[in-house]
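Undergrad: Structure for the following, please:
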Amino acid sequence: MSKCRGCGAEIIWAVTETGKRIPLDAKDERRFIVGVSQVDGQVEALLCKTYQTHFATCPRATEFRLH
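TA: Reported below is the predicted structural model:
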């Protein structure tokens, strides 16, 4: 865990599918992920931890975006 250089919020780092690092808010959000089972066709709901990109919540995010 580290702190955002812009606003000081606690963040964690993840790596995207393309290999780029992305900051995420350290506080997770619980969400239901709904899908259809490939085994029996039943609708399933899983309670999962999700994380929001810190670019969406940081008041100084525009200072860090690459142009």
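Undergrad: Enumerate every residue touching K49.
TA: Going by CB atoms under 8 Å, 6 or more residues apart in numbering, K49 touches D28, E29, R30. For glycine as for every other residue, the C-beta is placed from the backbone atoms N, C-alpha and C.
Undergrad: C4 now?
TA: Contacts of C4 (CB under 8 Å, 6+ apart): E10, I11, P23, H54, C58, R60.
Undergrad: Now distance to Q38 and pLDDT too, for the contacts of K49, in JSON lines please.
TA: Output for these, formatted as JSON lines (distance: CB to CB, whole Å; pLDDT from 0 to 100):
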{"residue": "D28", "distance to Q38": "27", "pLDDT": "94"}
{"residue": "E29", "distance to Q38": "26", "pLDDT": "93"}
{"residue": "R30", "distance to Q38": "24", "pLDDT": "95"}
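Undergrad: Out of the residues you listed, grab the one that's most surrounded.
TA: D28 (13 neighbours; other CB atoms under 10 Å).
Undergrad: Not counting residues beside it along the chain, what's closest to it?
TA: Leaving aside its chain neighbours, D28 sits nearest to K49 (4.2 Å; criterion: CB to CB, 6 or more residues apart in numbering).
Undergrad: For the one you found, give its distance to L24.
TA: With distances taken as CB to CB, to the nearest Å, K49 is found 11 Å from L24.
Undergrad: any idea which helix or strand carries the residue of the chain positioned farthest from its centre?
TA: Most distant residue from the mean C-alpha position of the chain: D40, 30.4 Å away (CA atoms, centre = their mean). Element membership for D40 (DSSP states H and E) is empty, with no helix or strand holding it.
Undergrad: Could I get the pLDDT score of it?
TA: D40 is assigned a pLDDT of 94 by the prediction.
Undergrad: Quick check: it vs A9, distance?
TA: Per CB to CB, D40 is found 43 Å from A9.
Undergrad: swap in I22?
TA: 15 Å.
Undergrad: how about a markdown table for the contacts of K49, with distance to E44 and secondary structure added?
TA: What follows is the contacts of K49, written out as a markdown table (distance: CB to CB, whole Å; DSSP: H, G, I helix; E, B strand; the rest coil):
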| residue | distance to E44 | secondary structure |
| --- | --- | --- |
| D28 | 21 | coil |
| E29 | 20 | strand |
| R30 | 16 | strand |
